[in-house]
Structures are given as structure tokens and as C-alpha cells.
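Visitor: sequence-free structure coming up:
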């Protein structure tokens, strides 16, 4: 009895621990989902604001917004391309590691551009713009190189797979159409046999050659496909006519019957 109570208590504790673990995991997943949604919403709002500044504000503020927008767009596109490719191609792991190092420089540049947007000394900011533009171009160029290399690699793999698939389909299609080869071979064989049996310029067959009695039992292969010989109709059994009987020199003549 005590053993049964102990087992039930252990099962109850195990179910409670499992329920707590599942609850913690569900809360963590929900929190991550909420954080991801908030981050995406904040990013969308910030991109929209930068786009509006790049078109609506002339001068230094507009150019800073353009640099930030170009940097963020290029880095985000490269990140999505590499992560999507790394899930199917393990050789992109080195490219992902290089992109992490590049992302550190990109985030540093983005923070600097963001601080300069709030800088009241526009003259100093304008003097820094050529250097900032060069750094932005270097980072975006490196990101684009990684992105397009990953896309070209994925497209090359897709082309190779498509080429191999087309070759397999051609082989299978040829195997499925094997009857056409058989029909063509039979047609060519029949046409050559017909040309040998009948003259193409005449409509009537040639008269048959007289049968050779010595070849009656030759047993050729064509005899198996020829029509059976017609049986002769049975003749009536009648007494031979003595007047038509042929006599030979070695036969004895019949003696006439004498009557006493």
C-alpha cells in the first residue's frame, strides 16, 4: 500500500514538473514572439521615417537619412539571404561568420549616423559626410558581394539539379517509348520482305514455281507458317476394266477356259 502511494506521489510530482516546464517554454516563446513583433514594428517605423527624411529634408539631414537607409536595407537583405542559404548549404557558415564581423562595423556606423542626426553643428557634420559616405559604400559593397555570391551559388545548384533532372526525364521518356523502336523495326522488316515477295510494279503475284518432289521433306523454317496441304478427296473403289489393263512381256497370258 505504501509503495502504491509513493508511486502515485512521484507521478504527481513528475506531472507538475512537466506542466511547469511546458508553461515556462510557452511563456518564453510568447515573449520572444512579442519582442520580435515589437522589433519589426520599430524597424518598420524607423525605416519609414528615414525614407521620409531622405525625400523631405534637403541638406545634411536628408543625406544622413539616405546613408542610414541604404546601410540598413543592404545589411538586412544580406542577412536574410545568408540565413536562408545556410539552412540548406552548410558551406555558407564561413560567409555567415564574415557577415557577423561586417555587421559589427555596420551597427557602429549606423549608431554614428544616428547621433549625427541630432548634432546641431551642421557645418561639422557636413565636413564629415565624405568620410561617412565612403565607409557606407565599403560596408554595403561587402554586404552585396556576400549576398550575390550566396544567390549565385544557390542558382548554380538549382541549375545543376534541373539539368540532372532533365537528363533523367529524357532517359525515362525513352524507356516509356520503347514500343516505337519495335514497331519501326517490324515495319522495316515487313517492307523488305514484301518487296522481295512482290514486284512493286505489278499488282498480281508471280506464278508459283513447280514443286520439287525432292524438297517435300526438306523441313525449312517457312513450312511452319505455310498453309497445310489440301487432302485429296477419296476415290471410289471400282473394279478395274480388263480391257484397259496393260500387259507386260513378263506377265503370263491367261488361259481360256474350256468347257467339256
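Guide: Great, that's in hand. What you see is a predicted model; the values in this text were computed from it and never measured. Residues are numbered from 1 along each chain as shown.
Visitor: And for residue 28, the neighbour number?
Guide: 10 (other CB atoms under 10 Å). To be clear about C-beta, it is placed using only N, CA and C from the backbone, and glycine gets the same treatment.
Visitor: Ignore what I typed, I meant residue 15.
Guide: 10.
Visitor: Residue 6 too?
Guide: For residue 6, using other CB under 10 Å, the count is 10.
Visitor: helices or strands up against the helix or strand in which it is found?
Guide: Residue 6 is part of helix 2-56, with elements assigned from DSSP states H and E. Under the contact definition 3 or more CB pairs under 8 Å, 6 or more residues apart in numbering; DSSP states H and E, helix 2-56 sits against helix 60-86.
Visitor: on contacts alone, who are the packing partners of the helix it packs on?
Guide: helix 2-56, helix 93-117, helix 122-176.
Visitor: Ramachandran coordinates for residue 177?
Guide: phi -100, psi 30 (degrees, to the nearest 10).
Visitor: whoops, I mixed them up, residue 120
Guide: phi -80, psi -20.
Visitor: Please name the residues that touch it.
Guide: Applying CB atoms under 8 Å, 6 or more residues apart in numbering to residue 120 gives no contacts.
Visitor: Looking at the helices and strands packed on helix 60-86, which is nearest to residue 85?
Guide: Distance to residue 85, taken as CB to CB, is lowest for helix 122-176 among the helices and strands packed on helix 60-86, at 4.6 Å.
Visitor: Report the rounded mean pLDDT for the closest one.
Guide: Helix 122-176 shows a mean pLDDT of 90.
Visitor: wait, what's in contact with residue 95?
Guide: 82, 86, 146, 149, 150.
Visitor: For it, give me the pLDDT.
Guide: So residue 95 comes in at 89 (pLDDT).
Visitor: and the gap between it and residue 112?
Guide: Distance of residue 95 to residue 112, computed by CB to CB, to the nearest Å: 26 Å.
Visitor: do the same with residue 27
Guide: On the measure of CB to CB, residue 27 and residue 112 end up 37 Å apart.
Visitor: Could you check which of the two is surrounded by more residues?
Guide: Neighbour comparison, residue 27 and residue 112: the larger count goes to residue 112, with 14 against 10 (by other CB under 10 Å).
Visitor: who touches the more buried one in this structure?
Guide: residue 132.
Visitor: measure it to residue 101 for me?
Guide: 18 Å.
Visitor: do the same with residue 71
Guide: On the measure of CB to CB, residue 71 and residue 101 end up 16 Å apart.
Visitor: the more surrounded of those two?
Guide: residue 71 (23 against 10).
Visitor: Pull the contacting residues for the closest residue to the more buried one other than its chain neighbours.
Guide: Distance criterion CB to CB, 6 or more residues apart in numbering; nearest residue to residue 71, sequence neighbours excluded, is residue 136 at 5.4 Å. The contact partners of residue 136, by CB under 8 Å, 6+ apart, come to 67, 70, 71, 109.
Visitor: which of these lies closest to residue 172?
Guide: Once CB to CB is applied, the member of the contacts of residue 136 that ends up nearest residue 172 is residue 70, at 49.7 Å.
Visitor: show me the contacts for the closest one.
Guide: 136, 140.
Visitor: What of residue 138?
Guide: Residue 138 neighbours (CB under 8 Å, 6+ apart): none.
Visitor: swap in residue 53?
Guide: Residue 53 neighbours (CB under 8 Å, 6+ apart): 61, 62, 65.
Visitor: same question, residue 92
Guide: Counted by CB under 8 Å, 6+ apart, residue 92 has contacts 82, 85, 86, 150, 153.
Visitor: roughly how far apart are it and residue 153?
Guide: Residue 92 is 8 Å from residue 153, by CB to CB.
Visitor: Residue 46 now?
Guide: Residue 46 is 32 Å from residue 153, by CB to CB.
Visitor: One more: residue 1?
Guide: 69 Å.
Visitor: So for these two, which residue has more residues nearby?
Guide: residue 153 (15 against 5).
Visitor: so the more buried one makes contact with residue 89?
Guide: Yes: counting by CB atoms under 8 Å, residue 89 is a contact partner of residue 153 at 6.9 Å.
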